[in-house]
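> Quick one, structure for this:
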Amino acid sequence: MDTLYFKSIPAKYRAPFRNYYTLQNLQSIRNCATIFFAVNFTLRVMMLSLPISITKAQNFPEFDFMNWVYLALTPIFWALSQLFLKHIRQTKKASPFMVLFVFAFAMYIILSGMYSAFISTGDPKNSLTVYMIALIVISIMCVFEYDELILLLILTEIAFTTLMLYAHADPTTMLYDQLISVVLLSGFYLISRYFYSYKSNYYQQIIEIRSKNVEIEKAGEFKNQVLGMVAHDLRNPIGAVESIAMMIELEDIGADMQENVYMIKESCTKARSILDDLLEAAKNENINVIETKKIELNQYLKSIIDAWKVQNRFNVVLLSTVNPLYAQLNKEKFTRVMDNLISNALKFSKDSDNVELHLIQQDKQVIIQIKDHGLGIPQAMLPHIFERFSKAGRTGLKGEKSTGLGLSIVKQIIESHKGNINVNSVEGKGTTFIIQLPVSY
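Have a look, this model is predicted:
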């Protein structure tokens, strides 16, 4: 922490920091005034309940008079602090009147403590506890600029000297008491500047964090715009290449050319899948609320399986224990989830292996399991597979590449459906992804 015992906060932070700490000062004054009034009210009740003989004690009239003064003045400070608080919350700016008000309250509390020390015994060195407490309270609760604090110290010392003269102290006593006051005021100065340093450093850190957050948000928005634009614009040339490959395939071509055309189509499919991942990552950034509707899951999952059977030679089967079963889904986004998980299962399975979709109901939860009997996932990779741009991505059995985005998108979409996803895997025996969703009745 940068301590500012003899200087102020840098100029660029000074005005906003003043607005910040003035609001804090006014809140402190309101709380302090409440406590101070409660203490004096309690003392007044005690004095009323004590025997009348106590009124003949030394300096009782002064205590009695000052108690009434405190009971009269403190609510005024409380009311003004409320008024200033309302104003500063509306305008977000500290006015000179607010600064003057804080200064006046500080002098009020310090003088109250100082006068209590004098009237307690007439000899301040024997009873400076209240004076010291008043200085500590103000140094901790209120923040002052360097020049304001110096002025407060000077006025406090002048008031102390005036009270010493009023008490008709002899020169030796006056010198001794002045030394005590100087020690207390030095401590007051150091404590006050320490808390000024602490609060100013905290404020600067908050401002810097907010500034960085704004920069990060802007960079994130720009990244998503570029990502979405690039991914979208690349779809057209990839689609053109795929169309040309399909036109070539219609002609009478040899086996070698047929193999080349197949590779072109496969490459286009992989590239389109990568672009879909990028577009989905950009589209789903910080989106937690989506539109859903009630879907019957048996029919929905059968339609997904039928689409896969048309496109692939692989065998995907549905095993359901309950029919009908409903859930609230965004059909477009959840199809993206199922396609991704089925694609992953096929990627790491042999052509002869089945991929099983299990549909189960447990209490008020829908359980969808996507189970394969392929390579499985190494235990070291399991904690990282749902991370964005995860390094846990692996090449499929047929050379399929991974972007490291697919499963992070899957997790995000499922969580936006108020569900969750887990995975169980045994290396060499297969993997099961388990989706849990609320049942819709």
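> ok, and I367, which helix or strand is that part of?
Element membership for I367 (DSSP states H and E) is strand 365-371.
> which strands and helices sit next to that strand?
The contact analysis (3 or more Cβ pairs under 8 Å, 6 or more residues apart in numbering; DSSP states H and E) places strand 365-371 against helix 297-311, helix 331-347, strand 354-362, strand 430-438. All C-beta spots, glycine's among them, are computed from the backbone N, C-alpha and C.
> of those, which approaches I109 most closely?
strand 430-438 (57.9 Å; Cβ to Cβ).
> Quick check: buried residues in that closest one?
By 16 or more other Cβ atoms under 10 Å, the buried positions in strand 430-438 come out as G430, T431, T432, F433, I434, I435, Q436, L437.
> from those residues, which single one is nearest I110?
Nearest member of these to I110, counting by Cβ to Cβ, is Q436, at 63.5 Å.
> In three-state terms, label the residue of the chain most remote from its centre for me.
In the chain, counting by Cα atoms, centre = their mean, D252 sits farthest out from the average C-alpha position, at 63.8 Å. Under DSSP: H, G, I helix; E, B strand; the rest coil, the three-state class of D252 is coil.
> N260 versus that one, what's the distance?
Separation of D252 from N260 (Cβ to Cβ, to the nearest Å): 15 Å.
> ok, back up a step: take the buried residues of strand 430-438 and write them to a markdown table, including pLDDT.
Shown next, in a markdown table, are the buried residues of strand 430-438 (pLDDT from 0 to 100):
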| residue | pLDDT |
| --- | --- |
| G430 | 87 |
| T431 | 90 |
| T432 | 92 |
| F433 | 92 |
| I434 | 93 |
| I435 | 93 |
| Q436 | 93 |
| L437 | 92 |
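> What pLDDT does the model give R394?
Listed pLDDT for R394 reads 56.
> now swap in L278 and tell me
At L278, pLDDT is 69.
> Please enumerate the strands of the chain.
Along the chain, the stretches classed as strands by DSSP state E are 293-296, 315-320, 326-329, 354-362, 365-371, 420-426, 430-438.
> mean confidence for stretch 328-347?
Rounded mean pLDDT across stretch 328-347 is 85.
> From the chain's centre, how far out is that stretch? Work that out for me.
32 Å (Cα atoms, centre = their mean, to the nearest Å).
> Against L184, how distant is T172?
For T172, the distance to L184 - Cβ to Cβ - is 19 Å.
> Have a look at these two and say which one is more surrounded.
L184 (19 against 8; other Cβ atoms under 10 Å).
> Enumerate every residue touching that one.
By Cβ atoms under 8 Å, 6 or more residues apart in numbering, the contact set of L184 is L128, Y131, M132, L135.
> V99: which of the residues you listed is nearest?
L135 (19.8 Å).
> Can you tell me, leaving aside adjacent residues, what's nearest to that closest one?
Excluding its sequence neighbours, the residue lying closest to L135 (Cβ to Cβ, 6 or more residues apart in numbering) is F188, at 4.2 Å.
> and the one you found, what does it touch?
Contacts of F188 by Cβ under 8 Å, 6+ apart are L135, I136, I138, S139, L153.
> Measure how buried the fourth one is and give me the count.
The local packing of S139 (other Cβ under 10 Å) involves 24 other residues.
> Can you tell me how far it is from A72?
Using Cβ to Cβ, one obtains 26 Å as the distance from S139 to A72.
> Over to the first one?
Applying Cβ to Cβ, one obtains 24 Å for the distance of L135 from A72.
> quick one, which of those two is more surrounded?
Set L135 next to A72 and count neighbours by other Cβ under 10 Å: L135 wins out with 25 against 10.
> is it true that the more buried one touches A117?
No: in this structure, L135 is not within contact of A117 by Cβ atoms under 8 Å, at 11.0 Å.
> Give me the neighbour count for M141.
Using other Cβ under 10 Å, M141 has 18 other residues around it.
> ok, it - contacts?
With contacts defined as Cβ under 8 Å, 6+ apart, M141 is in contact with N25, S28, I29, N31, C32.
> Quick check: ChimeraX command selecting the buried ones in these.
Those of these that count as buried under 16+ other Cβ under 10 Å are selected in ChimeraX with:
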select :25,28,29,32
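> Most widely separated two among the contacts of M141?
N25 and N31 (10.9 Å).
> Rebuild the buried residues of strand 430-438 as CSV, extending it with distance to L407.
What follows is the buried residues of strand 430-438, written out as CSV (distance: Cβ to Cβ, whole Å):
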residue, distance to L407
G430, 17
T431, 11
T432, 14
F433, 9
I434, 13
I435, 12
Q436, 16
L437, 17
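> Please identify the one among those that lies nearest to T42.
Q436 (58.8 Å).
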